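A.B. asks: Okay, here's the prediction I keep looking at, along with the sequence it came from:
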Amino acid sequence: PETELVQNSSRRLRNRIISAPRNSPPSSRSFDNWNLIFVAAFLLSISLDGSFFYILYIDDYRKCLVLAKDLTFTLVVLRTVLDSFQIAYLYLRVHTHVPVPDFVNGRGFHASKWTFAKNFLCLINGIVSVLPLPQAVIYLVVPKMRGHKFLSAMSLLKFVLVAQFLPRFVRMYQLFTKAASSSGAVHGLASGIFHFLVYLLVSHSFGALWYFLAIVRVSVCWRQACLHAGCSSHDSFYCDDDKFRDRRSLNAFCPAKLRDPTSFDFGMFYDALQSGIVEVTNFLQKFLYCFQWGIRSLSFAQNFQTSTDAWENIFSSAMTITGAVFIPFHLWNVMKFLQHINGNSERKIRKSSQMQEVEMWRLFHVLSDNLKQKIRKYCQSVFQGTEGFNLHQFFNDLPPELSFAMKHELCLPVLKEVPMLQRMDEQRMNAILYHFNLVPYTQGMFLVQEGNPVNKLQLIVVGGDTLSWSSTSVFTPRKDGEFCGEELVSWAVDQQSDSSTVFPRSTRTVEAVTQVDAFSIEAGDLKEFVNQCRQPDGQLPKCFRYGSEKWRNWAAVIIQQAWCRQRKKKFQTSLLAVTPSRFAVSSLRPIRPEAT
């Protein structure tokens, strides 16, 4: 039982660590919207790490180190509060993931092994990044490290901050990538701002570390001068230490204000000592001075004049390498950011011009106000300001609801004028509207030409004038609300074979005099619609028979045959009535008296 309990606990932990987005419940996905808040909190928390280096300053009069207790307490509280956001984030991410069935059953271990390892490492990195190590060193280690061990405690704080900076930075970048990808802003404004803030953060961190190392370098000088003066190696340089003694005599051995490599070489930290920034108690003043030094040094990678100290040269090399790698990367991100800004402005201009093009379209003006408002809202949601905008293609690609509403308002009145479609009911009228598409015609283009095959029925609803003529008629100007290609309706009704491609010939020519926007239906779509309207016995509805030329011919033949039968019958009836009367006349003729 104990073994099963351990295995079940381990399985539950693994199930919470390994989780694919598709297996996450909606409640866990909602936390992605808070990722940017967590990134901002974590960015502030990392910026506080560099501020811990400012808790020390030099009392130049007494030649000792002072710990700024108020600043220390403030930084510890802020760091704890901001890290609590990350602790809450880790808790929510772990406890909102659901188990992966294949992994639980052991069938998909090899497929999920990399995912498990990656998520497990991310979890470990998240835990390490929120460990309160600086707080522990300040309140647990420093109070116990008195005398000469005080500098060792501060060196431990330095190593803790530097060692924890890398996992915390990686964690921050992971959070930003997840937040930006979920909001679709990886290459947008958020990315440019984030990388610029990272650049400022790195500059602040190097400037703060430079400040702290300058104080450490001064303490090394004091230690060497004290040893030369015969002091004990256990003497303290902490001002609040009980064993501290006045060290004003060290001015001759450690001339901080005068560059003298023969006495002691402060190297790249000489500027910090000469400016007196290491003696300033005001946090804002120290922060701004060291921050500008970090930006200037990281940006221009100036030629540092270092001493022979190993840690100083390591710091100088690390800063030079970081600047050489980070600055081109930062410039690349700045260029992307500027391109994004320019692209946004261009897209806004194109989007505005596209909206104006829609508003100025002649067909748009005749739509109802309600439909206009719906189309405007749709344009606001779909217009991205991309190039290659086609107005007519846009209206052809409208959602079915908007497309049908527009065709119903524009095409239905004209469609009811087509002879063979006049008697269709409302349901069939609405059904055929779905097959119409918007087709533009520029000036001089022919909608149909006399003698050419007609392959589409076209409705000229609004926006353009045309001329119509044939070999037997003169020019006839045509306005809005006309149609052409009506021969195709008769063809679709009379054709028995669906595969027939012999289209009817146009009896006239229609030319566009101005820009014409016509709605057209292809021959195949019209044929398919007519076939769908057929009754179960294959007969066409009466609305089509009424206008069909074939049915008209049949009706004419039937009427003629009926008339002929009726005439013959009437003639025969009249013959039957005439024959007896003639017989009677002929029979009575001999009986008449002869005239005298």
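C.D. replies: Sure, I can see it. Since we're looking at a predicted model, the values are computed, not measured.
A.B. asks: Near the spatially closest residue to residue 87 that is not a sequence neighbour, how many other residues are there?
C.D. replies: Taking C-beta to C-beta, 6 or more residues apart in numbering, and ignoring the residues beside it in sequence, residue 87 has residue 130 as its nearest neighbour in space, at 5.6 Å. Just so you know, the C-beta spots here come from the backbone N, C-alpha and C atoms, and that holds for glycine as well. The number of residues packed near residue 130 is 24, by other C-beta atoms under 10 Å.
A.B. asks: What of residue 461?
C.D. replies: Residues lying near residue 461 (other C-beta under 10 Å) number 27.
A.B. asks: what does residue 516 give?
C.D. replies: Neighbour count for residue 516, taken as other C-beta under 10 Å: 25.
A.B. asks: contacting residues for the residue nearest to residue 87?
C.D. replies: Residue 130 sits next to 83, 86-87, 90 when contact means C-beta atoms under 8 Å, 6 or more residues apart in numbering.
A.B. asks: make it 6 Å
C.D. replies: With C-beta atoms under 6 Å, 6 or more residues apart in numbering as the criterion, the residues that contact residue 130 are 83, 86-87.
A.B. asks: Can you pull the phi and psi angles for it?
C.D. replies: Backbone torsions for residue 130, taken as degrees, to the nearest 10, come to phi -110, psi 10.
A.B. asks: Model confidence score at it, please.
C.D. replies: On pLDDT, residue 130 comes in at 85.
A.B. asks: hey, which helix or strand in the chain has the poorest pLDDT?
C.D. replies: In the chain, no helix or strand scores lower on mean pLDDT, DSSP states H and E than helix 101-105, which sits at a mean of 39.
A.B. asks: Dihedrals phi and psi, residue 509?
C.D. replies: Its backbone dihedrals place residue 509 at phi -120, psi 130, with angles given as degrees, to the nearest 10.
A.B. asks: My guess is it contacts residue 450. True?
C.D. replies: Yes - with contact defined as C-beta atoms under 6 Å, residue 509 counts as touching residue 450 (4.6 Å).
A.B. asks: more crowded one of those two?
C.D. replies: residue 509 (20 against 16).
A.B. asks: So in terms of bridging, what pairs with that one?
C.D. replies: For residue 509, the residues forming beta bridges with it (DSSP bridges) are residue 469.
A.B. asks: And it, how far from residue 427?
C.D. replies: Taking C-beta to C-beta, to the nearest Å as the measure, residue 509 falls 35 Å from residue 427.
A.B. asks: Quick check: buried residues in stretch 71-79?
C.D. replies: Along stretch 71-79, the positions that meet the burial threshold by neighbour count (16 or more other C-beta atoms under 10 Å) are 71-72, 75-76, 79.
A.B. asks: next one: stretch 317-324
C.D. replies: Residues 319-320, 322-323 are the ones in stretch 317-324 that count as buried (16+ other C-beta under 10 Å).
A.B. asks: Throw the residues you listed into a markdown table and include pLDDT, thanks.
C.D. replies: Formatted as a markdown table, the buried residues of stretch 317-324 follow (pLDDT from 0 to 100):
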| residue | pLDDT |
| --- | --- |
| 319 | 89 |
| 320 | 88 |
| 322 | 87 |
| 323 | 86 |
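A.B. asks: wait, which of these is closest to residue 178?
C.D. replies: Nearest to residue 178, judged by C-beta to C-beta, of those is residue 322 at 25.1 Å.
A.B. asks: quick one: the helix or strand hosting the closest one to chain centroid distance?
C.D. replies: Taking DSSP states H and E as the criterion, residue 322 maps to helix 310-360. Mean-position distance between helix 310-360 and its chain equals 18 Å (C-alpha atoms, centre = their mean, to the nearest Å).
A.B. asks: Just after that helix, pick out the following helix or strand.
C.D. replies: Past helix 310-360, the next helix or strand by DSSP H and E is helix 362-365.
A.B. asks: Going by neighbour count, which residues in that next one are buried?
C.D. replies: Using 16+ other C-beta under 10 Å, the residues of helix 362-365 that count as buried are 363-364.
A.B. asks: average pLDDT across it?
C.D. replies: Per-residue confidence for helix 362-365 averages out to 83 on the pLDDT scale.
A.B. asks: Ok, stretch 221-240 next?
C.D. replies: In this model, stretch 221-240 carries a mean pLDDT of 73.
A.B. asks: In terms of residue numbering, what are the domains of this structure?
C.D. replies: 2-339, 412-551 (automatic domain parsing).
A.B. asks: In CSV, list those along with distance to residue 348.
C.D. replies: Compiled in CSV, the domains of the chain are given as follows (distance: least, C-beta to C-beta, whole Å):
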stretch, distance to residue 348
domain 2-339, 13
domain 412-551, 27
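A.B. asks: nearest to residue 347, of the ones you listed?
C.D. replies: Each of the domains of the chain has some distance to residue 347 by C-beta to C-beta; the shortest is domain 2-339, at 11.5 Å.
A.B. asks: gap between the closest one and the chain center?
C.D. replies: Between the centre of domain 2-339 and the centre of its chain there are 33 Å (C-alpha atoms, centre = their mean).
A.B. asks: Name only those of the contacts of residue 130 that count as buried.
C.D. replies: A residue is treated as buried here by neighbour count (16+ other C-beta under 10 Å); on that basis the buried members of the contacts of residue 130 are 83, 86.
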